[in-house]
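Asker: I would like the atomic coordinates for the input below:
(one chain, ligands or ions: 2)
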Amino acid sequence: MSEGVVRTYDENTVIIFDTTLRDGEQSPGATLTSAEKLEIARQLARLGVDVIEAGFPAASPDDLKAVQRIAREVGTADGPIICGLARSVENDILTCWEGVKDAKKPRIHTFLGVSPQHLEYQMGITQEQALERIRKAVTLAKSLCDDVEFSPMDAGRADMDFLIKVCALAVECGATTLNIPDTVGYVTPSEWYETIATLIAETPGAGKGSGIIWSVHCHNDLGMATANTLAGIQAGARQVEVTINGVGERAGNTSLEEVVMAIHTRQSAYAVRTNIDTRQIMKTSRLVSNYMGMPVQPNKAVVGANAFAHESGIHQDGVLKHASTFEIMTPESVGLSQSRLVLGKHSGRHALKVRLQELGFTVDDNQLKQVFERFKALADAKKVVTDADLEALITEETTKPQEFFKLLDIQVTCGTMGMPTATVRLASADGETFVHAAVGVGPVDAAYRAIDAVVKAPNVLLEYSVHSVTEGIDALGEVTVRISPPDSEKSFGGYGADGDIIVASVKAYIAALNRMLAVRGHGDVAPEGDAATVGVKTQ
Ligand code: KIV
Ligand code: ZN
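Answerer: Numbering: from 1, shown residues only. Ligands and ions are numbered 1, 2, ... in the order given. Modelled structure (predicted):
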């Protein structure tokens, strides 16, 4: 599957190494099923990333399987390199190879902590012992795979002379990419420039013309990940390790969209290029946000809901006169469509399919049928259906997990008189229906309690957010939720879109529950519901 992306390389190409599925998935709470990882990997391939770090195969048998599936299905000859992460230990490296070997272009990425903090406190080993581990790990990786990447973890706080020794050894043992991580987000842009420039100039066997690719991997603890990554490029790095929406450990990793759009928008400053199809950025951002159940902050650069919104009168006036007055990049360049859908309620399925294709969505017949029905209902209810509305509907349809339960009906009463009460009718996968009613502090709480009484999958609601897809009182509302089983740190996201925000809220919650059930197994289902029993949430 080539996804129509042609990747070309010269000395000014910055290789985009996406680690959304590895470091990104280490975000507190973010958990993806293997089907979702595959879908994200496919979209990353369409986006044009050069390398997908698909996971950490030794972490669990499921992680291994997910990496293998991505290697087989996305790692085609004209697709991206498929990479797996391994600690510098034999079993990790062997398992990593099992994960990636079926890709046409596999890579093993191995790492070891090299800062005094990591050597002394985390591993309790000397510099000499660290060098020995690196020698063994990189040599073993190279015996399995031509393409080997080595990362000296926590390089940002490491001793420079030792770092040079480590990098030279990794190259001697066969590493072809040296990735320099600021693991704890500690460095400043000028320091990082110095570090990378010094390493390139002084590491034996890895200087300019050696064929070794220098890479940077930054974390955002002090909000400097993008600036540090760009400083790395200016110092000569030609690979950057990034994630969609900047998801990742703690405050996250460098965000792909920020670095890519900085390179594209500020050619005069960076004079490098990437293989990214920037028009796929918004779609990728939404997919990752919805699957992970992690909403993007509205003022986030490039992909935030307000990134192209102009609020003040002066700004609006300027943009209407000429977009360049207050816009340094166009919304279209990141795949944000401003156009209005000219399909009406009498439009046919074919016209809808064509418009979806123009927006970059490929749908199967069943998805088209579902979206078409929703589109018709929306066109009835709203005067103007925008591309953004359509994108919300299709996102809900294409990110829907396996349905252990689905919503048939919901009715709520709420307001200042009486207790907020919700009645839900759900169907299980084998066609049984369940009816339950519950009261709560508000209509969403009541509805979630009624669902809990049927599904019986205890969880904690970590996050709930609602926002309107477009302006206007008749706008679609989209809801993102994240839930976690009480006994686990894993969390599961869900997304729902509807003109009625209670319905959107319920759809999002059921999607998250279905995702949790898919990973954790299906507990007891409530006995056949007798109408209007009042459920009480137990936790
Ligand atoms: O932040 C880090 O150091 C990492 C390495 C494994 C590359 O994620
Ligand atoms: Zn990292």
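Asker: Show me how the protein divides into domains.
Answerer: Using automatic domain parsing, the domain parsing of the chain gives 15-292, 309-336, 337-398, 405-538.
Asker: mind checking which helix or strand the most centrally placed residue in the chain is in?
Answerer: Central residue of the chain (CA atoms, centre = their mean): residue 288, 3.4 Å from the mean position. Following DSSP states H and E, one finds residue 288 within helix 281-292.
Asker: Give me the residues contacting that helix.
Answerer: 20, 24, 27, 30-32, 36, 39-40, 43-44, 46-47, 244-245, 247, 256-257, 260-261, 294-296, 302-303, 334-336, 360-361, 391, 395, 399, 480, 482, 493, 495 (CB atoms under 8 Å, 6 or more residues apart in numbering). Just so you know, the C-beta spots here come from the backbone N, C-alpha and C atoms, and that holds for glycine as well.
Asker: Would you list the phi and psi of the closest residue to residue 498 other than its chain neighbours?
Answerer: Distance criterion CB to CB, 6 or more residues apart in numbering; nearest residue to residue 498, sequence neighbours excluded, is residue 504 at 4.0 Å. Note on residue 504: backbone dihedrals following degrees, to the nearest 10 are phi -60, psi -40.
Asker: cool, and the one 4 residues further on?
Answerer: Listed backbone geometry of residue 508 is phi -60, psi -40, with angles given as degrees, to the nearest 10.
Asker: got a list of what it touches?
Answerer: Counting by CB under 8 Å, 6+ apart, residue 508 has contacts 479, 480, 481, 494, 495, 496.
Asker: re earlier: name the stretch among the domains of the chain that sits most buried.
Answerer: Highest mean neighbour count among those (mean count of other CB atoms under 10 Å): domain 15-292, with a mean of 21.
Asker: From one end of it to the other, what's the distance?
Answerer: 25 Å (CA to CA, to the nearest Å).
Asker: now check that domain, is it near ligand 1?
Answerer: Yes: Domain 15-292 is in contact with ligand 1 by CB under 6 Å from any ligand atom, via 23, 111, 151, 153, 179, 181, 183, 217, 219.
Asker: Take the residues you listed and keep only those in helices.
Answerer: Among the residues of domain 15-292 next to ligand 1, DSSP state H puts none in helices.
Asker: Would you mind listing the two of the residues you listed that lie farthest apart?
Answerer: Using CB to CB, those span at most 13.9 Å, a distance reached by 111 and 219.
Asker: Touching both of the two, which residues are there?
Answerer: With CB under 8 Å, 6+ apart as the test, residue 111 and residue 219 both reach residue 181.
Asker: tilt between the helix or strand residue 44 falls within and helix 281-292?
Answerer: Per DSSP H and E: residue 44 is located in helix 34-47. Orientation of helix 34-47 against helix 281-292 (axes from the mean of the first three to the mean of the last three CA atoms, to 10 degrees) gives an angle of 170 degrees.
Asker: Identify the bridge partners of the closest residue to ligand 1 within the stretch 201-350 of the chain.
Answerer: Going by CB to the nearest ligand atom, ligand 1 is nearest to residue 217 of the stretch 201-350 of the chain, at 5.0 Å. Beta bridges link residue 217 to residue 181, residue 241 when assigned by DSSP bridges.
Asker: Under the pLDDT cut-off, which ranges of the stretch 1-150 of the chain? List them.
Answerer: Low-confidence regions of the stretch 1-150 of the chain, defined by pLDDT under 70, span residues 1-3, 29.
Asker: Would you map the strands across it?
Answerer: 15-18, 51-55, 81-87, 106-113, 148-153 (DSSP state E, counting those that start in this stretch).
Asker: Give me the residues contacting the shortest one.
Answerer: Residues from elsewhere that reach strand 15-18, judged by CB under 8 Å, 6+ apart: 9, 44, 47-53, 83, 179, 213, 215, 238-244, 256, 260, 274-276.
Asker: Please apply the same query to the last one.
Answerer: Contacting residues not belonging to strand 148-153 are listed as 83, 107-115, 118, 134, 137-138, 141-142, 158, 163, 166-167, 170, 174-181, 183, 215, 217 [CB under 8 Å, 6+ apart].
Asker: Adjacent strands (with direction) for it?
Answerer: In the sheet, strand 148-153 lines up with strand 106-113 (parallel), strand 177-182 (parallel) (DSSP bridges).
Asker: And for the shortest one?
Answerer: For strand 15-18, sheet partners with direction are given as strand 51-55 (parallel), strand 239-242 (parallel), following DSSP bridges.
Asker: mind putting the ones you listed in JSON lines, distance to residue 269 included?
Answerer: Shown next, in JSON lines, are the strands paired with strand 15-18 (distance: least, CB to CB, whole Å):
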{"stretch": "strand 51-55", "distance to residue 269": "24"}
{"stretch": "strand 239-242", "distance to residue 269": "15"}
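Asker: Any stretches of the protein with poor pLDDT?
Answerer: In the chain (pLDDT under 70), the answer is 1-3, 29, 310-317, 319, 338-345, 383-384, 471, 521-539.
Asker: what residues are up against the residue in it sticking out farthest from the centre?
Answerer: Residue farthest from the centre of the chain, counting by CA atoms, centre = their mean, is residue 417 at 42.6 Å. Applying CB under 8 Å, 6+ apart to residue 417 gives no contacts.
Asker: Show me the strands in the stretch 301-450 of the chain, by range?
Answerer: Using DSSP E, counting those that start in this stretch, strands in the stretch 301-450 of the chain cover 405-413, 421-428, 433-439.
Asker: Relative to residue 447, which of these is closest?
Answerer: strand 421-428 (3.9 Å).
Asker: which residues sit against that closest one?
Answerer: Under CB under 8 Å, 6+ apart, the answer for strand 421-428 is 404-414, 433-440, 443, 446-447, 449-451, 454-455, 502, 506, 510, 525, 531-532.
Asker: switch to 6 Å and redo it
Answerer: 405-406, 408-413, 433-437, 439, 446-447, 450-451, 454 (CB atoms under 6 Å, 6 or more residues apart in numbering).
Asker: same question, stretch 99-119
Answerer: By CB under 6 Å, 6+ apart, the list of residues contacting stretch 99-119 reads 57, 64, 67-68, 71-72, 75-77, 81-86, 88, 96, 122, 125, 130, 133-134, 137, 141, 145, 147-154, 157-158, 166.
Asker: Stretch 120-132 now?
Answerer: 113, 119, 162, 169.
Asker: so what's the first one closest to, chain neighbours aside?
Answerer: When the adjacent residues along the chain are set aside, residue 113 lies closest to residue 153, with 4.3 Å between them (CB to CB, 6+ apart).
Asker: which among the contacts of stretch 120-132 gets closest to ligand 1?
Answerer: Nearest member of the contacts of stretch 120-132 to ligand 1, counting by CB to the nearest ligand atom, is residue 113, at 8.1 Å.
Asker: Please report how far that closest one lies from residue 417.
Answerer: 61 Å (CB to CB, to the nearest Å).
Asker: before we move on, what about residue 266?
Answerer: Separation of residue 266 from residue 417 (CB to CB) stands at 58 Å.
Asker: rewinding a little: can you lay out the domains of the chain as CSV showing distance to residue 4?
Answerer: Formatted as CSV, those follow (distance: least, CB to CB, whole Å):
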stretch, distance to residue 4
domain 15-292, 8
domain 309-336, 15
domain 337-398, 11
domain 405-538, 27
